[in-house]
Structures are given as C-alpha cells and as structure tokens.
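A.B. asks: Got a predicted structure here, sequence first:
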Amino acid sequence: MKNKKINLSGVIQEYMMVLVLIVLLIIFQVLCKSMTNRDFLSMANIMNILGNYSYQIIVGIGITFIMLGGAMDLSTGYILSSVGIAMSIVDINTGSWILALGVGIILGVVFSGFNGVMYAWLRVFPFIITLAMQYILNGATYLFTGGVQKTFRGSDLTGVYKVLGGYSIPFIGGSSIKSGVIVMVVLVIIGSLILNKTHFGRNVYALGSNPDAVALSGVSVAKMRIAIFALAGLFFALAQVVNIGRMGSASQSMGVGDEFTVMAGAMLGGVKMGGGGGKMSNMVVGVLIISVLNQGFNFLNVNTYWQYVALGCVLLFAVALDTLQTRAALNAAKKVSGKAPAPEKAA
C-alpha cells in the first residue's frame, strides 16, 4: 500500500485560524503575566470567555446558515432586542416562562423569516431589506416600551433564563462553567448536523454556490431562502434567551450590533460571504478569536475606543481574507479550465 502524501499547505490553510487562536492565547498569557501578573490562560478565565460569548456563537449558527446560503442579515441585532423585550413583557405579565419562550421563538422565526420572504420575492441581495427591517424593529421595540429605554431585571423574570444561560456549574480546578456554554455546544452540534447530514444542509451549500443548479434539481430557491432565514431566527431567539440569563436582565440595547461582530468572526474563520464555502466550526473559531481579543484587551486595561479600532481592523482583515480566498479559487479554476467561471445569475 502506497503512503499518501500529506498536503502540508492544505493542512495549514485548513487550520490557519485555529493556529491564530492558539498564538493569540499564548501572546495574551505572556503579556498579562508580565504586565498585570494575571494568568490569561487560567481555567476560570477560559470559562469566563466561553460564558460571556456563548450567545454570540449561537447567533453565529443562524448567521452561518444565512451566509452559506448566499445572503446576509443586518437586522439580527434588532431581532435579538425585540425578542428579548417581547419575552420579558410576556414573562412579567403572565408569569409563564413557557409562554414567554414560545412567543420569543415564534417572533424570532417570523421576523427573520419575513426577511427571507422579501428576499425570495424581490430577488435582490438582502442588504436594504434587512436594513429596513432593522429600522422597523428598532422603532417597534421602543413603541412597546413607551418610547423610553427600559430594563427588565432578572428578579422580575422567571428563573428559566438563568437556568439556560447564567447558571454556574462546578468545573475543573475550582472554576465553573455557565449553563449557556452547554446550550451553545448542543446547538452548534445540532447546526453542524443539519448542515452536514441532511438534504437541507446540502441545499444550503448549493444555494450559496450556484442557485441555478438548485433550481434545476427541482428544489424551490424561494422556499429554501425563506427556510434558511426562518431557521436562523430560531437560533437568534435561543441566543437571546442565553444572553438574558447571562446578563440577568433584558433591555433594548442587548444584542444590537452583534451581527457585525459575528459576521466578522465567521468570515475570519473561513465562512465565505455570499456562499460557496465554510463550516460551522469556522464560525466558532472566528468568533472565539474576536472574543479572546476583547478579553485580552480588558485584562490589559486597553482603552475601549482602541478596542473598537482593533475590531474594525479585524473586520477589514476578514473582508480582505474573504476576497483573497475568492480570487484564489477563481484563479485555480481558471488554470484548470482555461477560463474563469461564468458569473452566477440571481434566482
């Protein structure tokens, strides 16, 4: 039996962002130890990072489906905000966490699914569609709270949010793991199984790569787009449940802007904007890189505004990386066939 040659460059490319994550952890450990005498790589801090950013990874599951399907969603943060306010109002007024969770999940699916309906109907890239939804939800949320910034305290809500997001479970070395981390791991596994083991998941990849081929195979492109956004809305709603449990409260500002962080993380990890490639694990690694950066800067007491600058640089790097990967793929295809692939038509 012949020994198979290992494609070293392919392995490096596949696990490049994992290596970046490891290097970042080591760098922050050295810096934090020398400058603040604190261990960045302590089990307590690692669990803290996972607990604080687990909800963003859950948001990323939904956004990964949308991105792999060839679209984007700028309204995600306001879907999170609206779902959180709606669940809190129902919870406080009825005392039923089951009803509150049901309302939150339904609204998440409906709001995001509506984006999919408009996307499928108008057949345009959903930038303006989701931007319009962002304005609608922002206004509607404040109308429901009388036009003021309102915070619903955890003491006024039923305990299910803490159980699903903020409950501390004893872990290794005297540290603790938040229940939201466990929920996140379970949902990432479910999202990965949907992508990799179902016809729906294969159609998501195909839709992002070639909508015409999906249509020719007998699958409705319009229905697929609606289903992808609706499924994403389910994960958005569950993410906000974890977020409320983590924070111990709910307000209009919770979740707003997270879509940019998560999309940047997904692209940084290797999920291609506009579809065509990427895995759920890519998104997880990318979001963790941004999470480690934020936590490391906090450990080093770096000014918040410098953190914004760093996040902007990461976003630019993610876009540049995505563009360069796309160009590399086109050049590789051109070398094989002698010409670049024809541009895809909107379906």
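C.D. replies: Yes, it's here.

A.B. asks: What helices and strands are in contact with the longest helix belonging to the chain?
C.D. replies: Secondary structure of the chain per DSSP state H: the longest helix is helix 304-337. The elements that helix 304-337 packs onto, with contact taken as 3 or more C-beta pairs under 8 Å, 6 or more residues apart in numbering; DSSP states H and E, are helix 258-269, helix 280-299. C-betas here are computed from N, CA, C, even on glycine.

A.B. asks: please redo it, this time with the cut-off set to 6 Å
C.D. replies: helix 258-269 (3 or more C-beta pairs under 6 Å, 6 or more residues apart in numbering; DSSP states H and E).

A.B. asks: counting contacts, what elements does the helix it packs on pack onto?
C.D. replies: helix 43-68, helix 76-94, helix 280-299, helix 304-337.

A.B. asks: Surely residue 290 is in contact with residue 265?
C.D. replies: Yes: at 4.9 Å, residue 290 counts as touching residue 265 under the criterion of C-beta atoms under 6 Å.

A.B. asks: ok, the two, which is more surrounded?
C.D. replies: residue 265 (30 against 22; other C-beta atoms under 10 Å).

A.B. asks: can you tell me which residues contact that one?
C.D. replies: Contact analysis of residue 265 by C-beta atoms under 6 Å, 6 or more residues apart in numbering lists 286-287, 290.

A.B. asks: Adding distance to residue 195 and pLDDT, write those out as CSV.
C.D. replies: As requested, those are exported to CSV (distance: C-beta to C-beta, whole Å; pLDDT from 0 to 100):
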residue, distance to residue 195, pLDDT
286, 16, 93
287, 16, 95
290, 22, 93
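
A.B. asks: now the residues you listed as CSV including distance to residue 312?
C.D. replies: Output for the contacts of residue 265, formatted as CSV (distance: C-beta to C-beta, whole Å):
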residue, distance to residue 312
286, 16
287, 16
290, 12
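
A.B. asks: tell me the SS of residue 146?
C.D. replies: Using DSSP: H, G, I helix; E, B strand; the rest coil, the secondary structure recorded for residue 146 is coil.
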